[in-house]
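Undergrad: Here is my input, please return the structure:
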Amino acid sequence: MMSQEKKKSQIIGFLLLVLMFLSLFSCSGNQKTTDKLMEIEGKKLISKKPPFTMLLASDFQLIHSSVLESPEENSLTRIYFYAKVRDKTVDEMLVIQIADKTNPQAGPIVTPPLSPYNEKRLYLKGRIKKEGIEIDHLIQSMTLNPKAPSLQPILKNGIALPSNLCLQGQLMFTYLGDHAVFIRYSKDVRRFGVKVSENNDKWNQTGISGNEKKVCDEFQSVFMGMVDSIAIQSR
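TA: The predicted model follows:
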């Protein structure tokens, strides 16, 4: 039988992941500095904790960063909002969350696979391995909610969020049980240079065609280029 201590370790790891997802929709975090641990040079994202780099699809500017502390879960989650802005409206958005284990005696961070918000809508998922670390990735069509509490820091900076359909890529991996990395990249479907429908029926899991298929293929190529570019440094 599984020991109580091992069960506790797995529960702690799962709660850390839940905390990561909840913080996207329910809070903006505590305003503590997050600089020097994450930076962008040109289109290169550089994380120092955990140590990895990734090539981005666009030039992003940092809009907001925050820290969410959860002593009861032995974790600290850093949240970064980056955006590519045109005419004071977000064209592309990059949200990075990194959960750091704060208690060395706690169990490892454990994460379940990524799942789409709606299985009837368009989604593609898979997994790759880099330096022995498995990276889950997921692409889906969805609609951003500008009223979501977590997105209010962007609006407070005088930047509007589109409420229409977008394509979103997600990737997630854990680093040696001490960190969990969750990244979302979103792009407005109207910014691909072709006319597409914003009717959800045109973006179903089956039967996508025409310009919608072209946009999906282009987004998939760009996002998977980001995923494939990840370079993870081992200790």
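
Undergrad: Span of stretch 140-150 from start to end?
TA: The distance separating the two terminal residues of stretch 140-150, taken as CA to CA, to the nearest Å, comes to 20 Å.

Undergrad: can you list contacts of that stretch?
TA: When contacts are taken as CB atoms under 8 Å, 6 or more residues apart in numbering, the neighbours of stretch 140-150 outside the stretch itself are 23-28, 93, 116-118, 121-124, 151, 155, 160-168, 170, 186, 189, 200, 203, 216. In this view, the C-beta of every residue, glycine as well, is placed from N, C-alpha and C.

Undergrad: and after the lowest-mean-pLDDT helix or strand in the chain, which helix or strand comes next?
TA: Least confident element among the helices and strands of the chain, by mean pLDDT, DSSP states H and E: helix 4-26 (a mean of 43). Using DSSP states H and E, the helix or strand that directly follows helix 4-26 along the chain is strand 38-41.

Undergrad: to the chain's geometric centre, what's the distance from that next one?
TA: Relative to the chain's own centre, strand 38-41 is displaced by 16 Å; criterion: CA atoms, centre = their mean, to the nearest Å.

Undergrad: cool, stretch 60-80 as well?
TA: Between the centre of stretch 60-80 and the centre of its host chain there is 13 Å, according to CA atoms, centre = their mean.

Undergrad: For that stretch, which residues meet the burial criterion?
TA: 60, 63-66, 68, 73-80 (16 or more other CB atoms under 10 Å).

Undergrad: Now, those that are in strands?
TA: 63-66, 68, 75-80 (DSSP state E).

Undergrad: Which members of those residues are the farthest-apart pair?
TA: Spatially, the most separated pair among those is Ile63 and Ser75, at 23.7 Å (CB to CB).
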